[in-house]
Structures are given as structure tokens and as C-alpha cells.
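> Fold the following for me, if possible:
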Amino acid sequence: MVHRLNLPHSAEGENSFLRELVGSKSGISILDSKTGHLLVPLSSAAEVDFWIFRDGPTVLTHLNPSLKQLDSYPTLETFLAAWGTKRALEEKAGVPHGMLLANLKTHGSEEWFIERCAELGVPTKEVVLLDQEYPATDRILREKRFGPIAPLAIRISRIEPLAGILSILESQESFSVPHAVFLDPIGFNTPGAKPLVHKSEIERMYALAPTIEFIVCCPSRWGEGAQIDALATNLKENGVRQPLVMTDVPLFSQWSRHLENWTLPHTSNVLSAA
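Model (predicted):
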């Protein structure tokens, strides 16, 4: 699963001022401030919102930051220190590390952010950017600075077709391969809506990029939690391999029922949900 995390420590989650400041709906944190215990599962991934200030800190907040209260926000350094505790526990347990799905709300410092994470102990292969601007997407794919797999999750939605990703994958002499696809299912089940994915396109995607991951944003984000079962069934029927799912804790059990039995017709599970 992918958690939405903007608070490194539980004490911050207990502070209503800070929760409201960063826009944390759930107050989920990485660590219990009193005991140091991990509050999220080993190998789980996280979606985090970052704002980078050229002459100031990199802070975590889902909302537009208040410049007058900039010192009150959690920083990249405090977050990755807590994330490092999680990574150390994963090392000890011999399990994979979870992905950091970074949504940079300021643009132009994408490469700097990835390299800064590496300096703070999170290697490039564990950091994936989400919702970056098209110029940054093109630059990172084209320059191949991070090797054959680019640290990007390319969005698909009802206005961003999967054909765009196929265009990238069909031009690997020019572009590196994105780490992941990110499906935003807004409008998935509205009357007259076109299918978000087609089986033939999914098959083509995996043929061109066998290791590409598929990340799904839960429709509950748009107040459509009732569409979870239909969406999961639709993705299975169209050949999507077991995805990573970004959702809220109360919906984990519902998604887990699907993920634990994510067997495609005539295939076996390929990806493990974190």
C-alpha cells in the first residue's frame, strides 16, 4: 500500500495546529514520538508533498505554505531521518524498502531533490516523482541522467491516455523508461466515460517495459469509494498486474481482499503491493 504521509512523528499528528497547517487529513506519521516504534508497515510506500525553497528549507505540506510560519513545517531532513529508521528496520527484517512517491509542488529542482534524498540515505531507485511538469518529465526522460529507468511515475487519467506512455516506451532510443504508471481514476464510472485502460494497450506496455510498476490512486480521493471493487475488477480484466494502491487506512482491508487474490486469467501475480 501507499500511505499519504506529511508528518514524520506522531507528536506532530497530535498537534492540531500542525495537522491543519500541513493539510494532513489522517495525521498518519512514520514514527511514534514517545516509543520510537514504526507506525506504518515495513515495505510500505509513501506519497509525500514537498515544497522546495531556493534560499530556505524543503518543507512538507499538502496545502500552500505560509511563508510567515515556514519554520513550523516538517522538513525533508526530519522526514528522511524518520524514513531512515523505517529503512533500517526493513534491512534488519530482510524485506524490500518502500518507495517514496514524491509530489514536488515547486518545479525546476527535480534532479536536485533526488540527489539530496540520496545524500540523506535514500537511493535514487527508491524515489519516484509524481505530478512533475511536462518540461521536467521530458528533460529527465531525455537526458537519462538516472540510467535506463527514470525516477518518474507518469500519470494516466480520462484526459491523459495510456497512449502517451506507449509513445515514450516506443522511443527508448530517445527516452529512458519511467519507473511507474500512476492511474488517477477520477470519472472512472461516470455515465458515458471512456475506459481508462484497454487490454491491448496494457499488453503492449508490459511487452515494451516488463518491469514497469502500476500505481493506483484510490477513487475515495474523489469521494467515490463505492467504485473500489469495480475499479479493481476492471484493472484485472484488462491485464494490469498487481498494483501499488494509494489509499486511506480504513480502506486497506477492502483493497487487500483484491490484492491478495490478484491473479489474472492465465497468469500469476507479478508485483507485490507494498
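> just the helices in the stretch 101-250 of the chain please.
Along the stretch 101-250 of the chain, counting by DSSP state H, counting those that start in this stretch, helices occupy 110-119, 134-143, 162-169, 199-208, 228-237.
> Let's have those in TSV, adding distance to L104, mean pLDDT and mean neighbour count.
To be clear about C-beta, it is placed using only N, CA and C from the backbone, and glycine gets the same treatment. Output for these, formatted as TSV (distance: least, Cβ to Cβ, whole Å; pLDDT from 0 to 100; neighbours: other Cβ atoms under 10 Å):
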stretch	distance to L104	mean pLDDT	mean neighbour count
helix 110-119	6	97	17
helix 134-143	9	96	15
helix 162-169	20	97	16
helix 199-208	25	97	15
helix 228-237	27	94	17
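> And these: which comes nearest Q254?
helix 228-237 (5.8 Å; Cβ to Cβ).
> Which elements pack onto that closest one?
strand 213-217, helix 252-259 (3 or more Cβ pairs under 8 Å, 6 or more residues apart in numbering; DSSP states H and E).
> hey, which of these is tucked in deepest?
Mean neighbour count (mean count of other Cβ atoms under 10 Å) peaks for strand 213-217 among the helices and strands packed on helix 228-237, with a mean of 22.
> Report the inter-axis angle for that strand versus helix 199-208.
140 degrees (axes from the mean of the first three to the mean of the last three Cα atoms, to 10 degrees).
> I'd like the mean pLDDT over strand 213-217, please.
For strand 213-217, the mean pLDDT works out to 97.
> Neighbouring strands - and their directions - for that strand?
Strand 213-217 pairs in its sheet with strand 177-183 (parallel), strand 244-246 (parallel), by DSSP bridges.
> Adding mean neighbour count, write these out as a markdown table.
Converted to a markdown table, the strands paired with strand 213-217 look like this (neighbours: other Cβ atoms under 10 Å):
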| stretch | mean neighbour count |
| --- | --- |
| strand 177-183 | 24 |
| strand 244-246 | 24 |
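> Relative to P96, which of the ones you listed is closest?
strand 244-246 (11.9 Å).
> Need the contact partners of the closest one.
1-4, 45, 47, 99, 101, 180, 213-218, 221, 255, 259, 271, 273-274 (Cβ atoms under 8 Å, 6 or more residues apart in numbering).
> Now with 7 Å, please.
1-2, 4, 45, 47, 213, 215-218, 255, 273-274 (Cβ atoms under 7 Å, 6 or more residues apart in numbering).
> ok, which pair from those is furthest apart?
R4 and E213 (17.8 Å).
> ok, which stretches of the stretch 1-150 of the chain are strands?
2-4, 7-9, 29-31, 45-52, 58-60, 100-104, 127-130, 149-156 (DSSP state E, counting those that start in this stretch).
> Any chance of those in TSV with mean neighbour count as columns?
Output for these, formatted as TSV (neighbours: other Cβ under 10 Å):
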stretch	mean neighbour count
strand 2-4	23
strand 7-9	24
strand 29-31	23
strand 45-52	22
strand 58-60	23
strand 100-104	22
strand 127-130	22
strand 149-156	23
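> Return the member of those having the minimum mean pLDDT.
What stands lowest among the strands of the stretch 1-150 of the chain, in mean pLDDT terms, is strand 2-4, with a mean of 91.
> Show me what it is packed up against.
strand 45-52, strand 244-246 (3 or more Cβ pairs under 7 Å, 6 or more residues apart in numbering; DSSP states H and E).
> Could you measure from I28 over to F113?
22 Å (Cβ to Cβ, to the nearest Å).
> hang on, I meant H179
15 Å.
> Just confirm E133 contacts H107, I think it does.
Yes: the pair E133 / H107 is scored as a contact, 5.0 Å apart, by Cβ atoms under 7 Å.
> what residues are up against the closest residue to C117 other than its chain neighbours?
Take C117 and drop its neighbours on the chain: the residue closest to it by Cβ to Cβ, 6 or more residues apart in numbering is V127, 5.0 Å away. Each residue near V127 by Cβ under 7 Å, 6+ apart is listed here: 100, 102, 114, 117, 151.
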